[in-house]
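> Sequence and predicted structure, then a few things I'm wondering about:
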Amino acid sequence: MCDVLEINYPNGRMIIYLKGVFPKNKKQFHKFMKFIRSLPDYEEYLDVLKVYFQKVADENEAEFKLCGKVYFHYKQLYAETKNQVDNGKYSNGVYIEEKQLREMKDDIKIYKNIYQSYEKQGKSTKRKMENFKYFLKVVNEDVL
């Protein structure tokens, strides 16, 4: 299983659930790698870590792209609706009724909250993705 690192000793074993251990900061990661390198046959454990880090980095990259798409979609809706409300008419020149104008003002708030939320989530996902790519780079260098 990719999310589990099973370390066997002569008189027992240790199971590490990688999803619970990572993400870590770089200092904690290097301590963990020092522990892994101290094990006999540590190369096989590095292979498991390499597969796990690659999988998580790819998942984070896909999530980052999705966040970007949703962010830009709602950012554009926000800008278009705000422009229409500010001008008091649709893009084709027809004036907006007062009731519709109030609804559009409420929509502007919703669009703004959504795009700001996805912007924040995208930044967080990007940091995670960069960390896991760094972890993968360190493990790949160790394997060579």
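All right, it came through fine. What you see is a predicted model, and the numbers here were worked out from it, not measured in a lab.
> contacts, neighbours, all on C-alpha from now
Noted.
> where are the low-confidence patches of the protein?
The model of the chain has pLDDT under 70 over residues 1, 23, 143-144.
> residue ranges for the strands of it, please.
For the chain, applying DSSP state E gives strands covering 4-9, 12-17.
> Now mean neighbour count and distance to Leu46 too, for those, in a markdown table please.
Formatted as a markdown table, the strands of the chain follow (neighbours: other C-alpha atoms under 10 Å; distance: least, C-alpha to C-alpha, whole Å):
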| stretch | mean neighbour count | distance to Leu46 |
| --- | --- | --- |
| strand 4-9 | 14 | 10 |
| strand 12-17 | 10 | 13 |
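> Quick one: closest of those strands to Gln116.
Taking C-alpha to C-alpha, strand 12-17 is the member of the strands of the chain nearest to Gln116, at 33.0 Å.
> That closest one packs against which elements?
Helices and strands touching strand 12-17, as assessed by 3 or more C-alpha pairs under 8 Å, 6 or more residues apart in numbering; DSSP states H and E, comprise strand 4-9.
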